[in-house]
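Trainee: Here is a sequence together with a model predicted from it:
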Amino acid sequence: MPSLSDRVKNMPASAIRKLYGFAEVAKNKGIKVYHINIGQPDIKTPEILIDAVKKHSTEIISYTPSQGSNSYLKKLSNFYKKHFFDVNVEDIIVTVGGSEAILFSIMAIADPGDDILVPEPYYTNYNGFSYMAGVNIIPIPTYLEKGFKLPKISELKKYITSKTKGILFSNPGNPTGTVYSLKEISDLCRFCKLNNLFIISDEAYCEITQQDKIISLLNVKGLDEDINENLIVVDSVSKRYSLCGARIGRVVSKNKQVIKEILKFAQARLCAPYYGQVLAEATIKIPKKYLVELAKEYQKRIDVCCEELEKIPNIKFHHSEGAFYIIVKLPIKSAENFAKFLLNDFYDINPKTNEKETIMVAPAQGFYKTKNRGIDEIRIACVLKQNIMRRTIEILKKALEKYNESL
Ligand SMILES: Cc1ncc(COP(=O)(O)O)c(C=O)c1O
């Protein structure tokens, strides 16, 4: 066989998905595996969205404009304006999920060999995107004990070199569940303006927090108008509306050059999915109340998990304020070995159903770049119903006891 490129061979595998083979083996042995390793919500896609696809009639599943379908772009812009954000159609590019929006944004602001700063731990696929773009991630360490908050702005200066092009973060944070405040974001914006850096704010979980904590980069006001040149928002319909498979996201920026240049990447892949855009367009009709209830449901799931985690000795975790993830520091040496143990060597009999059950978790090392960070941590995704989340943490507790006995 002809040899493959070093590029593809060196591409990092997704830290969240790499233990799937073990989960399959466990399932084949008749063990029920609860997937709390991945952010796939179990909440049903709103019927109004499914209906929009059913009712949509077309004779040709055509390409749409590369920027996005005209009707979706108009509705998005009106939606933003209704919420007092000055976003026009020409400030948006519809993308293939938030994933493509992040990749395009990184590729637009940085050349191969350039650096971007990313608060660590961070969404593990940022590694894949930056790798594909040839861009280096420079991690800014944040700590569980400090709620994964950003370091003081004065401390950020030391990470900047002539190669630094911008900062990328998700707010609310995956995997931390930390929500930055308007003041923190505004201070960061000032810092980036001063140092001529772009800010890419990944807002895939924007509304999944308490109402008074919802912050978008678009909220940043009271700064010089020209700060807009530095700001890039990437967003997605995946998590809010249980539309992960629709593959629709967006880049929003008031920097006309950013949009003009990113459009060329968008043209190369022709367009975002046609039916995905039909679904995304229909989300505009969904009342705000839906997202308020959704955020409450996720917060309850987080609270239930934290309540159960409190019962496990010698662990540490930060009670998440947003998104639906919790990082847990365990009293073990290797979270990866423990995650394999959960799938290979452990099950717990559910007293109600008599079924053998275990959990799949994401070892957290893949969310860190700094060597040896996260090796004793896991990430839990609170994406299952409250009673199931409670059960998963009970399984975690029993598995930890058994694991430590077996060493
Ligand atoms: C922080 C963050 N950003 C972006 C994405 C990508 O979302 P999608 O490509 O489904 O829109 C995810 C998915 O889990 C995420 O957690």
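Mentor: Thanks, I have it.
Trainee: Could you find the closest non-adjacent residue to Val94?
Mentor: In this structure, Val94 finds its nearest non-sequential neighbour in Gly68, 2.8 Å apart by Cβ to Cβ, 6 or more residues apart in numbering. C-beta: built from backbone N, CA, C; applies to glycine.
Trainee: Just to confirm, what's the three-state secondary structure of the one you found?
Mentor: Of the three states, Gly68 takes coil under DSSP: H, G, I helix; E, B strand; the rest coil.
Trainee: and if you look at Ile60?
Mentor: Strictly by three-state DSSP, Ile60 counts as coil.
Trainee: What of Arg250?
Mentor: strand.
Trainee: Do I have it right that it meets Phe79?
Mentor: No. Contact between Arg250 and Phe79 fails when scored by Cβ atoms under 8 Å: they sit 11.4 Å apart.
Trainee: For the stretch 201-350 of the chain, what lies in contact range of the ligand?
Mentor: Neighbours of the ligand within the stretch 201-350 of the chain, by Cβ under 6 Å from any ligand atom: Asp202, Ala204, Ser236, Ser238, Cys244, Gly249.
Trainee: mind running it again at 5 Å?
Mentor: Proximity of the stretch 201-350 of the chain to the ligand (Cβ under 5 Å from any ligand atom) is limited to residues Asp202, Ala204, Ser236, Ser238, Gly249.
Trainee: Among those, which lie within strands?
Mentor: Members of those lying in strands (criterion: DSSP state E): Asp202, Ser236, Gly249.
Trainee: what sits against the nearest residue to the first one once chain neighbours are set aside?
Mentor: Of all residues beyond its chain neighbours, the one nearest Asp202 is Ser170 (3.9 Å), with distances taken as Cβ to Cβ, 6+ apart. Residues in contact with Ser170 (Cβ atoms under 8 Å, 6 or more residues apart in numbering) are Tyr122, Tyr123, Ser201, Asp202, Glu203, Ala204, Tyr205, Ala323.
Trainee: can those go into JSON lines with extra columns for distance to Val179 and pLDDT?
Mentor: As requested, the contacts of Ser170 are exported to JSON lines (distance: Cβ to Cβ, whole Å; pLDDT from 0 to 100):
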{"residue": "Tyr122", "distance to Val179": "15", "pLDDT": "97"}
{"residue": "Tyr123", "distance to Val179": "15", "pLDDT": "96"}
{"residue": "Ser201", "distance to Val179": "12", "pLDDT": "97"}
{"residue": "Asp202", "distance to Val179": "13", "pLDDT": "98"}
{"residue": "Glu203", "distance to Val179": "11", "pLDDT": "97"}
{"residue": "Ala204", "distance to Val179": "13", "pLDDT": "97"}
{"residue": "Tyr205", "distance to Val179": "9", "pLDDT": "96"}
{"residue": "Ala323", "distance to Val179": "8", "pLDDT": "95"}
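Trainee: Looking at those residues, spot the one nearest Asn136.
Mentor: Using Cβ to Cβ, Tyr122 comes nearest to Asn136 of the contacts of Ser170, at 13.5 Å.
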